[in-house]
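A.B. asks: Curious how this folds, go ahead:
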Amino acid sequence: MSICGFSFGKDLITLDYPIVESVRSVLPICDRFVVAVGRSDDSTRDLVASIDPRIEIVDTQWSANQIDGSVLAEEANKALAAAQATGCDWGLYIQADEVVHEGDLSRIARACDHWQHDLDTKALLFRYLHFVLDYQTTDPWMYHKASRIVRLDDSCRIVGDACGPALKNYTGKVGNGDGYLDKNFLGTHVRAADARIFHYGWVKTRDQLETKFEMVRELWWGTLNEDERRRREDSKFGRFIARYPLLKNYAGTHPAVMADRIAKHLPYRPRRNRWLTPRFYAEILRHGFHG
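C.D. replies: Numbers count the residues shown, from 1 in each chain. Now for the predicted structure:
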């Protein structure tokens, strides 16, 4: 059984993405690792190349596609194609702001080994922790699961805004129309990996948050009219700062590779127990209780 890690990105230094920590967190269980690096305005390529001698870089040029983040899926599929070309059995897809805990690596490897010969199993599902503004705060209303292991047999592609793998030419009734391999397929094409993804993409200072907002505005709604752009922006961003008092405290451990970053980033601001905040109950009434 063999695993090829794969990722993609550009301008990752400007965006302050933890690409170094991301790749290093999974390298111990990867036989190969490929990164599709888009032409950048900073030193992203040099940084990626410096992570480890095993890193294989695919140089790319991002298209001008500016609707719903689909250019991200285009880039992820370039990395997926390079991973398939290595001849490895499985691809470990990790985005540049995602990190895996070292305590979960053996579980991932065992799951890949266990399901290797069940060719109907195309992906392994991970649980998500979404950190917002600081490393002590998670948003339980963001998505809880996504597939991050995909079988490298050319049966899948990355879809949406690079959210995860989907079956090619899917015609069945389970799941959504593009065959997205999420929890709806659990027990058929998708199995549980019993592992977590620590998603740090929204851990930002106010200035860094605005830089990321500008990137999202360009890649998701760059060609839309102003009214539609504003409507989608309000839906996508979820008013992180306004909702900060309603979010969940995290008291568990973080991946060891994140220690330096966490030490340098202070809590966003003091916050009382969310259960003592009346607006928390209004949020539950609107969106349900998700943890």
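A.B. asks: now the stretch 51-200 of the chain, which segments are flagged as low pLDDT?
C.D. replies: 173-178 (pLDDT under 70).
A.B. asks: In this structure, which residue is most central in space?
C.D. replies: In the chain, the C-alpha nearest the mean C-alpha coordinate belongs to Gln95, at 4.6 Å (C-alpha atoms, centre = their mean).
A.B. asks: hang on, it packs against Ala162?
C.D. replies: Yes: using C-beta atoms under 8 Å, Gln95 is in contact with Ala162, at 6.9 Å. For the C-beta atoms, the positions are set from N, CA and C on the backbone; glycine is no exception.
A.B. asks: Find the residues that touch each one of those two.
C.D. replies: Phe8 (C-beta atoms under 8 Å, 6 or more residues apart in numbering).
A.B. asks: all helices of the protein, in order?
C.D. replies: Per DSSP state H, the chain carries helices over the ranges 19-26, 44-51, 70-84, 105-115, 206-221, 226-237, 240-243, 259-264, 278-287.
A.B. asks: Select, out of these, the one closest to Ile197.
C.D. replies: helix 19-26 (9.9 Å; C-beta to C-beta).
A.B. asks: what does that closest one contact?
C.D. replies: Contacts for helix 19-26 (C-beta under 8 Å, 6+ apart): 5, 7, 9, 12, 33, 35, 44, 47-48, 51-52, 55, 92, 94-102, 105, 255, 257-258, 261.
A.B. asks: Just name the most buried of the helices of the chain.
C.D. replies: The highest mean neighbour count among the helices of the chain, using mean count of other C-beta atoms under 10 Å, belongs to helix 19-26: a mean of 23.
A.B. asks: Just want the angle from it to helix 105-115.
C.D. replies: 60 degrees (axes from the mean of the first three to the mean of the last three C-alpha atoms, to 10 degrees).
A.B. asks: and the angle from helix 19-26 to helix 44-51?
C.D. replies: In terms of direction (the same axes, to 10 degrees), helix 19-26 departs from helix 44-51 by 30 degrees.
A.B. asks: how about the nearest residue to Gly172 once chain neighbours are set aside, what does it touch?
C.D. replies: What sits nearest to Gly172 in space, not counting adjacent residues and going by C-beta to C-beta, 6 or more residues apart in numbering, is Gly179, at 7.3 Å. Counting by C-beta under 8 Å, 6+ apart, Gly179 touches Ala166, Leu167, Lys168, Asn169, Tyr170, Gly172.
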